[in-house]
Structure formats: C-alpha cells, structure tokens
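>>> Got a sequence here, can you model it:
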Amino acid sequence: MIEFFRLANVFLRIGAMNEMAYRANFWIQTFESLLSMATALATIAIVFNQTDSLGGWQRAELISLLGVYFLVLGTINLVVSPSLGRFMEEVVDGRLDFTLTKPADAQLLVSISEFRIWKILDVILGLIVLSMGLLTKAEATSFASALVFGITLLAAGAIVYSFWIILATLAFWFIRIENITMIFWSMYTAGRWPVTIYPPWLKWILTLLVPVAFAVTVPAQALSGRLTFNTLMSAVLLAVALVFISRWFWKLGVKSYSGASA
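Residues are numbered from 1 along each chain as shown. The predicted structure follows:
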C-alpha cells in the first residue's frame, strides 16, 4: 500500500507538470464539465416538471445518483482510462518492455501511469451535486446509510477498475481493442438514470455484462435506503471476485506477451 501511494504521487506530479504546460485545457475542461453537469441537471428538472417520481425515485434521490455518476466518471477519466489507454498503446509499439523490467509490480505501474488532473473537476462537481441531493432530501442520511454508501463506492471502484483491466489485457492478444472500451462508455451513459427503470433485458446487460448498476445505482440506493442486504453482498462479492479474476487474467496476458524484439 505504501508503494502504491509513493508511485501514485510520482505519476500524479508528472501528470500535473504535463497538464500545466497547456493551461488552456483547464478552461476547456471546466466549460465541458459544467455544460455536461448543467445539461444533466436540466434533464432531471424537465422530467420532474411532469411527474413527482420516476420509477419510485424522487428528485433528490436522482440528483444524488447523478452526483455518484459524475464522481465515478471523473475517477475513471482521471487515471483509469488514460493509464490503461496508454498501456494498450505500449503493447502495440513494444514500450511495455520497459515497464515489465522495472522492479515494481507491472499491473500497478500501468494502472497509474498517467493522470489527467483537470478531470478532477468532474470528481469535485460530482461531490457537489451529491451533497445537493443529500441536502434536499426529506430525511437526513443516517450514519449506517453513509457507511454502506462508502462500502458500495469502494466495491464500485474495484468492479469498474477490474472490468477495465480485463478489457485492456485483451491487448496482449488483439492488436486494436480501443473500440471495445467504447462498449463501456456507451453503456455507462445509461447510468445517469437508475437501472431499475429500464426494461429487464437492458437491466440485465447493465448489471451482468457491463457493471453500470454496481458502479452508480447501487451506491445511490445505499444513500436512499433502497439497498437490500442481498444486493450489498452481491456487490461486495462481485468486487472481490473480479479483482482476483482480473489479476489472474493480467498474469495470463503477460505470459503471452512476446515483447518488441520478438
């Protein structure tokens, strides 16, 4: 764990220096994040001008869900997506050889190799919107709900990361797999709304094939008091299982990697 924070701090500083060289990106990212957030909040406002609830979800609960959506999205775009995107490029051009020869764990290195620090704006906006949703709730969030929310958020992070590392590891066998990650992004957009409102076939896809439900809806259910014990245990067990599966799959992929000189 100490090694993780030490390496993350190094790569974070490198990412910050790279991004600071193009400071206009900050204002572009700010505009993009604010526009995306405003559009999402406006959509919720339009929906609740026509109804008092959506699939049993109240306005404040959907605002909280939207906060979770942007919080997870910001984290993915901050480090997971750029780092694993870079890893897939390194497999193709052979630069991964240099990573594999380093003394630190290779999976750890490729997972935190690149930070896009301006994406932290999405994380901050997500926290703000989440707080707005909690403050406008009719009932205050209990300590137990907050604790369960923390557990589900950690599980969501593990599930999303493991899903991404499994997709990225496919680069060891397939030359171009960038389009595969678009499957996740296409499905993740649906996470702006609770998966419980979707038809059964789509709910099944967003729960079992692409883990959008566990990434967004389940943490939001924890805050709203809708989360059942069975769903909580399913999220935790799935997170643990995917962490081990992704690690095993990564080692299998490394064994199949022949390097740039082959």
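>>> Provide a list of residues in contact with L252.
For L252, the contacting residues are T169, by C-beta atoms under 8 Å, 6 or more residues apart in numbering. For glycine as for every other residue, the C-beta is placed from the backbone atoms N, C-alpha and C.
>>> element containing it?
Secondary structure assigned from DSSP states H and E places L252 in helix 229-256.
>>> buried set for that helix?
By neighbour count with 16 or more other C-beta atoms under 10 Å, helix 229-256 contains the buried residues 231-232, 234-236, 238-239, 242-243, 246, 249-250, 253.
>>> Output those residues in a markdown table; the columns should cover pLDDT.
Formatted as a markdown table, these follow (pLDDT from 0 to 100):
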| residue | pLDDT |
| --- | --- |
| T231 | 90 |
| L232 | 92 |
| S234 | 92 |
| A235 | 92 |
| V236 | 94 |
| L238 | 93 |
| A239 | 94 |
| L242 | 94 |
| V243 | 94 |
| S246 | 94 |
| F249 | 95 |
| W250 | 93 |
| G253 | 90 |
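>>> will you turn the residues you listed into TSV that also has distance to I180?
Formatted as TSV, these follow (distance: C-beta to C-beta, whole Å):
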residue	distance to I180
T231	28
L232	30
S234	25
A235	24
V236	27
L238	20
A239	22
L242	17
V243	20
S246	15
F249	14
W250	16
G253	14
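>>> Which one of these is nearest to I175?
I175 has its nearest neighbour among those in G253, at 13.8 Å by C-beta to C-beta.
>>> how near is the closest one to G56?
42 Å (C-beta to C-beta, to the nearest Å).
>>> cool, Y257 as well?
When Y257 is compared with G56 (using C-beta to C-beta), they lie 48 Å apart.
>>> Then Y188?
For Y188, the distance to G56 - C-beta to C-beta - is 23 Å.
>>> Those two: which has the busier surroundings?
Y188 (20 against 11; other C-beta atoms under 10 Å).
>>> Please name the residues that touch the more buried one.
Neighbours of Y188 in contact, by C-beta under 8 Å, 6+ apart: 73, 210, 212, 215.
>>> how about 6 Å then?
Taking C-beta atoms under 6 Å, 6 or more residues apart in numbering, we find Y188 in contact with V212.
>>> For D105, give me the pLDDT.
pLDDT for D105: 87.
>>> begin at 37 from here
Noted, 37 is the first residue going forward, which turns the last one into D141.
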